[in-house]
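A.B. asks: From the sequence below, what's the structure:
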Amino acid sequence: MEEKNSMTIFDDFRIRRVFDKDKDRWFFSVVDIVAALIEQPDFKKAKSYWTTLKSRLKDEGSELVTNCDQLKMQSADGKYYKTDVADVETLLRLVQSVPSKKAEPIKVWLAKVGYERMQEMADPELALNRSREYWQTHGRSEKWIQQRMTGQETRNKLTDYWDGHGVKKGDEFAILTNIIHKEWSGLSVKEHKDIKGLERQNLRDHMSEAELIFTALAELSTRQIAETENAEGLDENKDSAVKGGKIAKDARIALEDKTGKSVITSQNFLPDNSKKKIK
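C.D. replies: Numbering: from 1, shown residues only. Next up is the predicted model:
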């Protein structure tokens with residue numbers, strides 16, 4: 001059984017991963033690991049490098065490629081696609097095939113995140129503390145961090161409802177998320193990310209306090225409406241998503257009318273001086 005997709009960080013590179021409860025181990029996106037190894041932030045270039053390397057390894061008769069699996073992981077557009085993944089043991093061997101000064105640091109890191117997962121299973125509070133420490137390190141205020149964590153709890157309750165009422169993880173979760181987001185904000189998730197200049201980054205990690213609050217309101221409203229109407233399956237939950245998103249939309253418009261300021265902003269936390277940062 002697979003756990004929900006998640007992210008972890010190596011230097012400034014976000015690494016997609018999923019924990020297989022039956023096999024009791026992490027599987028990481030190979031192209032994300034390769035991107036970190038060659039220090040290539042452009043996803044297409046990192047993917048091209050991995051495609052070339054994979055072909056060479058196949059020609060050499062290497063078992064490394066055979067040991068890679070494919071799992072659905074969330075892409076920059078919010079949708080889920082089959083992605084080459086590998087466990088820590090396979091990746092430790094793969095690292096040797098990539099000339100990189102990051103080889104040794106990433107081997108240490110891979111071993112570390114595997115151990116941290118075992119700790120977090122025994123004490124889930126550790127995962128929350130690590131997230132808090134990461135955001136603090138990257139300049140988030142305590143107020144922002146609290147709102148981000150509260151919003152994530154609201155999100156988790158909604159996806160738990162979907163999971164128990166006939167909505168499939170992956171594409172169907174993404175469809176409903178996009179409906180809610182577009183209804184309250186007037187933008188698809190991808191359009192919102194484009195405004196902020198984001199690519200593979202998590203949109204919520206670059207939202208303002210107001211954007212986080214309205215996202216949470218939309219998802220809270222969606223869940224409570226779905227529970228009241230006992231929504232089952234994708235179609236019925238689509239209806240709840242529209243209704244829940246509209247509640248947040250009406251609140252957003254009312255606030256914007258009073259303040260004369262847009263809730264949606266291009267501000268982000270990217271380390272790029274050309275972008276205005278969120279305060």
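
A.B. asks: Correct me if wrong: residue 255 contacts residue 263.
C.D. replies: Yes. Using Cβ atoms under 8 Å, residue 255 makes contact with residue 263 at a distance of 6.5 Å. Backbone N, C-alpha and C define where each C-beta goes, glycine included.

A.B. asks: Mind checking which of these two has more residues around it?
C.D. replies: Each of residue 255 and residue 263 has its neighbours counted (other Cβ atoms under 10 Å); residue 263 has more, 19 against 15.

A.B. asks: now stretch 205-218: mean pLDDT?
C.D. replies: Here stretch 205-218 scores 95 as its mean pLDDT.

A.B. asks: Residues in contact with that stretch: which ones?
C.D. replies: For stretch 205-218, the surrounding residues in contact (Cβ atoms under 8 Å, 6 or more residues apart in numbering) are 135, 143-144, 147-148, 150-151, 154-155, 180-181, 183-185, 196, 198, 204, 244-245, 247-249, 251-252, 255, 263-265, 267-270, 278.

A.B. asks: Please repeat the previous calculation with a cut-off of 6 Å.
C.D. replies: 144, 147, 151, 154, 180, 184, 196, 198, 244-245, 248, 252, 263, 265, 268-269, 278 (Cβ atoms under 6 Å, 6 or more residues apart in numbering).

A.B. asks: Now intersect these with the helices, please.
C.D. replies: 144, 147, 151, 154, 180, 184, 196, 244-245, 248, 252 (DSSP state H).

A.B. asks: Switch those residues over to a markdown table; also include pLDDT and distance to residue 74.
C.D. replies: Formatted as a markdown table, those follow (pLDDT from 0 to 100; distance: Cβ to Cβ, whole Å):
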| residue | pLDDT | distance to residue 74 |
| --- | --- | --- |
| 144 | 91 | 23 |
| 147 | 90 | 22 |
| 151 | 91 | 17 |
| 154 | 94 | 19 |
| 180 | 98 | 16 |
| 184 | 98 | 20 |
| 196 | 94 | 17 |
| 244 | 98 | 21 |
| 245 | 98 | 20 |
| 248 | 98 | 22 |
| 252 | 97 | 25 |
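
A.B. asks: Which of these has the largest number of neighbours?
C.D. replies: Among the ones in helices among the contacts of stretch 205-218, the one with the most neighbours (other Cβ under 10 Å) is residue 184, at 29 neighbours.

A.B. asks: my guess is that residue meets residue 251, correct?
C.D. replies: No. With contact defined as Cβ atoms under 6 Å, residue 184 does not count as touching residue 251 (8.4 Å).

A.B. asks: Am I right that residue 85 is in a strand?
C.D. replies: Yes. Counting by DSSP: H, G, I helix; E, B strand; the rest coil, residue 85 is part of a strand.

A.B. asks: That one and residue 16, how far apart?
C.D. replies: Counting by Cβ to Cβ, to the nearest Å, the gap from residue 85 to residue 16 is 8 Å.

A.B. asks: tell me, what's touching those two both at once?
C.D. replies: Common neighbours of residue 85 and residue 16 (Cβ under 6 Å, 6+ apart) are residue 29.

A.B. asks: If you count surrounding residues, which of these two has more?
C.D. replies: More crowded of residue 85 and residue 16, by other Cβ under 10 Å: residue 85, with 25 against 22.

A.B. asks: Quick one: classify the closest residue to that one other than its chain neighbours as helix, strand or coil.
C.D. replies: Spatial nearest neighbour of residue 85, excluding adjacent residues (Cβ to Cβ, 6 or more residues apart in numbering): residue 27 at 4.1 Å. For residue 27, the assignment made with three-state DSSP gives strand.

A.B. asks: Please enumerate the strands of the stretch 1-150 of the chain.
C.D. replies: Counting by DSSP state E, counting those that start in this stretch, the stretch 1-150 of the chain has strands at residues 6-10, 13-20, 25-29, 69-74, 80-86.

A.B. asks: Just the C-alpha atoms of the longest one, please, in CSV.
C.D. replies: This means strand 13-20. These are the backbone C-alpha positions of strand 13-20, laid out as CSV (Å, rounded to 0.1, in the frame of the first residue of the first chain):
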residue,chain,number,x,y,z
PHE,A,13,16.0,20.8,-4.6
ARG,A,14,12.6,19.3,-3.9
ILE,A,15,12.6,15.6,-4.1
ARG,A,16,9.3,13.8,-4.6
ARG,A,17,8.9,10.5,-2.7
VAL,A,18,6.3,8.0,-1.6
PHE,A,19,6.5,5.5,1.3
ASP,A,20,5.4,2.0,0.6
